[in-house]
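[1] Pasting the sequence and the predicted coordinates here, then a few questions.
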Amino acid sequence: MEDRPYVSVLIPVLNEQESLEELQARLHNTLQGIGKSYEIIYINDGSTDRTQIILEGFHRQYDTVRVLEFNRNYGQHMALFAGFEASKGEIIITIDADLQNPPEEIPKLVKAMEEGYEVVGTYRKNRKDSILRTLPSYIVNKITSRLVGVKLRDYGCMLRAYKRNIIDYINMCPESSSFIPALANTFAKKIVEIEVEHEERKRGTSKYSPFKLLRLNFDLMTNFSLLPIQFIGVLGIIIAILGLLFALFLIARRFIVGPEVEGTFTLFGILFFFIGIQIFALGIIGEYIGRIFQEVRRRPRFIIKKELT
Ligand code: UDP
Ligand code: MG
């Protein structure tokens, strides 16, 4: 194998012992079929099952396999950041370990890259996930593309290809939380999105709980725009004006009809509404402050416990 492979395939792995054998076999066949040099980098994101043992087995068996092991779970995107830093390929491809993105789609991405694109995104043809997983994603996709201004057809599909220069730019961003497809698109000029197959998860379970998914979406929103906080500001002005008009109305009413007493509970309703808005605003502000705090701490984003190259 040459020093610099042509293709780097990066795979974040969290407790995927059931899928790994089939994944490696199919990846190996597909990449051999392309006929160019390649490396496969598995990033073990703090798995607690047999994942590490299996990956070390791959490393012994195939000289194309590299393994990074985190000391704990840092999340899929951090795993990919570590993979980006370790990768040497001209074309960098990210893929999930659970076989929901068929590895056989990789040549399609490589081909598209060779047409001169800097980023090749994908969208899932007929997404095979439960409605509980697809409906939130659908809403999230709609809101985020509005908000973020980085248009992606499918934010959740991580089967993607990037050119070396884009990865070099990403490596210059020491963000402690991020959303890779959006980050990449802010650097790239020539982007294309192609359609790929999507399969049901055959083995194991989704590693994203609804809470983790919500966190991820907050990453996406706050890292790429100030819109949420600006939106709250505008909302605050509108509400203040409405409140003022309402107070004027009550004063006028007092002169014409007399004071209102029965309206006590209306007042409560209104009060709660305002309190809700305030708490929401505080939450958003807290979100940003928390992120500033994270950034200024300058902690290492991840710790690689073991590296097999
Ligand atoms: N993953 C990871 N760290 C995490 C969560 C997920 O490395 O904290 C990996 C996981 O092993 C898989 C990929 O990221 O390879 C996508 O996760 P999953 O398939 O569970 O997400 P879903 O398909 O449900 O969106
Ligand atoms: Mg999956």
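    Happy to help now that I have it. Ligands and ions are numbered 1, 2, ... in the order given.
[2] partner strands of the strand or helix carrying Leu10, parallel or antiparallel?
    Using DSSP states H and E, the element containing Leu10 is strand 7-13. Strands that pair with strand 7-13, judged by DSSP bridges, come out as strand 38-44 (parallel), strand 91-94 (parallel).
[3] Select, out of those strands, the one closest to Gly269.
    Proximity to Gly269, assessed across the strands paired with strand 7-13 by C-beta to C-beta, is greatest for strand 91-94 (49.0 Å). (Each C-beta comes from the backbone N, C-alpha and C, glycine too.)
[4] Does Glu18 belong to a helix, a strand or coil?
    Classification of Glu18 using DSSP: H, G, I helix; E, B strand; the rest coil returns coil.
[5] List of residues touching the strand holding Leu10?
    Applying C-beta atoms under 8 Å, 6 or more residues apart in numbering, the external contacts of strand 7-13 come out as 20, 23, 27, 31, 34, 36-45, 47, 51, 55, 76, 79-80, 83-84, 87-97, 106, 110.
[6] and these near ligand 1, which?
    Subset of those in contact with ligand 1: 45, 76, 79, 96-97, counting by C-beta under 6 Å from any ligand atom.
[7] where are the low-confidence patches of the protein?
    Where the chain drops to pLDDT under 70, the residues are 1-2, 147-151, 226, 260-266, 268.
[8] how far is the helix or strand following the strand holding Leu10 from where the chain is centred?
    Note on strand 7-13: by DSSP H and E, the next helix or strand toward the C-terminus is helix 20-34. Centroid separation for helix 20-34 versus its chain: 25 Å, with C-alpha atoms, centre = their mean, to the nearest Å.
[9] CA atoms only: put helix 20-34 into PDB for me.
    Extracted in PDB, the C-alpha atoms of helix 20-34 (Å, rounded to 0.1, in the frame of the first residue of the first chain):
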ATOM      1  CA  LEU A  20     -19.100  -5.400  11.900                       C
ATOM      2  CA  GLU A  21     -18.200  -8.700  10.200                       C
ATOM      3  CA  GLU A  22     -20.600  -8.200   7.400                       C
ATOM      4  CA  LEU A  23     -19.700  -4.500   7.100                       C
ATOM      5  CA  GLN A  24     -15.900  -5.300   6.800                       C
ATOM      6  CA  ALA A  25     -16.500  -8.000   4.300                       C
ATOM      7  CA  ARG A  26     -18.700  -5.900   2.100                       C
ATOM      8  CA  LEU A  27     -16.400  -2.900   2.400                       C
ATOM      9  CA  HIS A  28     -13.400  -4.900   1.500                       C
ATOM     10  CA  ASN A  29     -15.100  -6.300  -1.600                       C
ATOM     11  CA  THR A  30     -16.400  -3.000  -2.700                       C
ATOM     12  CA  LEU A  31     -13.100  -1.100  -2.200                       C
ATOM     13  CA  GLN A  32     -11.100  -3.900  -3.900                       C
ATOM     14  CA  GLY A  33     -13.500  -3.500  -6.800                       C
ATOM     15  CA  ILE A  34     -12.600   0.200  -7.300                       C
END
